[in-house]
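A.B. asks: My questions are about this predicted structure, shown below with the sequence.
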Amino acid sequence: LGFSLTLACPEGYGPDPTILKVAQQRAEKPITLLRDTVEAMRGADVVNVDVWASMGQESEAKKRLDVFRPYQLNKALLRHAAPDAIVLHCLPAHRDEEITEDVLEGSQCVAFDQAENKMHIHKAILEYLINGMV
């Protein structure tokens, strides 16, 4: 990846152990899996958060709310990141679940620019698939 990657997730919700091990062995910089959100956030330049229950996991949503609550990105947790850290979220966000309203709408969050850039990437892929290489 060219950068250190720290993942924070509850026990039982981490990446596939085999895939993580291979990634860690191949990585130029460390890939670390932590349970402690404060430790994971310490000095981070970029913080990326996602929804706790994705499409197809709706039946797990209530359980995940309880399990993931300590992983909510809020101002108190963000204070442990670098002062100029940026916040990413692939959107749509469940406000005040995985990310608080004030962080999502705050000056450090670039999720809406991120979503716009993603839209342009999708358009480019569609154009390529429709028209072929130009």
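C.D. replies: Cool, got the structure. For clarity, every value in this text was computed on a predicted model and none was experimentally measured.

A.B. asks: did I read that right, Asn48 in a helix?
C.D. replies: No - assignment of Asn48 by DSSP: H, G, I helix; E, B strand; the rest coil gives strand, placing it outside any helix.

A.B. asks: What pLDDT is listed against the closest residue in space to it that isn't next to it in sequence?
C.D. replies: Spatial nearest neighbour of Asn48, chain neighbours left out: Leu88 (4.2 Å); criterion: CB to CB, 6 or more residues apart in numbering. Using the backbone N, CA and C atoms, a C-beta is placed for each residue, glycine as well. As predicted, Leu88 sits at a pLDDT of 98.

A.B. asks: quick one: Leu88 from Ile19, how far?
C.D. replies: Leu88 sits 22 Å away from Ile19, going by CB to CB, to the nearest Å.

A.B. asks: what about the two, which has more around it?
C.D. replies: Comparing Leu88 with Ile19 by other CB atoms under 10 Å, the one with more neighbours is Leu88, at 16 against 9.

A.B. asks: So which residues of the protein form strands?
C.D. replies: With strands called from DSSP state E, the chain shows them at 5-8, 31-34, 46-49, 86-89.

A.B. asks: and these, which is most packed in?
C.D. replies: Of all the strands of the chain, strand 86-89 has the most neighbours on average by mean count of other CB atoms under 10 Å, namely a mean of 20.

A.B. asks: which residues touch that strand?
C.D. replies: 45-50, 73, 78, 98-99, 103-104, 106, 108-111, 114 (CB atoms under 8 Å, 6 or more residues apart in numbering).

A.B. asks: List the buried residues in the top helix by length along the chain.
C.D. replies: Secondary structure of the chain per DSSP state H: the longest helix is helix 111-131. Neighbour-count burial for helix 111-131 flags Ala111, Gln114 (criterion: 16 or more other CB atoms under 10 Å).

A.B. asks: now do stretch 28-47
C.D. replies: For stretch 28-47, a neighbour-count test (16+ other CB under 10 Å) marks Ile31, Thr37, Ala40, Met41, Ala44, Val47 as buried.
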